[in-house]
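Enquirer: have a look; sequence and predicted model below, questions after that.
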Amino acid sequence: MVMDTKTNLLIDKAVLGPRPATEPTGLGISADGRRVLVKEFNSGDIIPVDTQTNTVRPHIAGKSQADGMFFNRSLQ
């Protein structure tokens, strides 16, 4: 779900992938606030979400689900 942080109201949704295959396990926000980065448990992929349009961008291949969420400067 997408929340308006000024009103704390749910205003939209961003579908990350098919259920039950997509299981979010970590979250990061780019320094400029333009992207939310979601770590997917099963594949280890990073799922970028554009915060201006609430659009899910192409997945970034990740490592195993055992890895913790990381924030890589190259993703900013």
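Expert: Thanks, I have it. Numbers count the residues shown, from 1 in each chain.
Enquirer: now the residue nearest the centre of the chain: closest residue in space that isn't a chain neighbour?
Expert: By C-alpha atoms, centre = their mean, the chain has its centre lying nearest to residue 38, at 2.5 Å. Nearest non-adjacent residue to residue 38, counting by C-beta to C-beta, 6 or more residues apart in numbering: residue 47, 4.4 Å away. (Each C-beta comes from the backbone N, C-alpha and C, glycine too.)
Enquirer: in the helix or strand where that neighbour lies, what counts as buried?
Expert: Taking DSSP states H and E as the definition, residue 47 sits inside strand 46-50. Burial within strand 46-50, assessed by neighbour count using 16 or more other C-beta atoms under 10 Å, is assigned to 46, 47, 48, 49.
Enquirer: what distance separates whatever helix or strand comes next after it from the centre of its chain?
Expert: With elements assigned by DSSP H and E, the helix or strand that comes after strand 46-50 is strand 55-56. Centre-to-centre, strand 55-56 and its host chain are 9 Å apart (C-alpha atoms, centre = their mean, to the nearest Å).
Enquirer: ditto for stretch 32-51
Expert: The answer for stretch 32-51 is 2 Å, by C-alpha atoms, centre = their mean.
Enquirer: now do stretch 13-24
Expert: 10 Å.
Enquirer: same question, stretch 2-16
Expert: Centroid separation for stretch 2-16 versus its chain: 13 Å, with C-alpha atoms, centre = their mean.
Enquirer: could you work out the end-to-end span of that stretch for me?
Expert: 12 Å (C-alpha to C-alpha, to the nearest Å).
Enquirer: quick one: contacts of it?
Expert: Around stretch 2-16, the neighbours that count as contacts under C-beta atoms under 8 Å, 6 or more residues apart in numbering are 1, 22, 24, 38, 40, 47, 49, 54, 55, 56.
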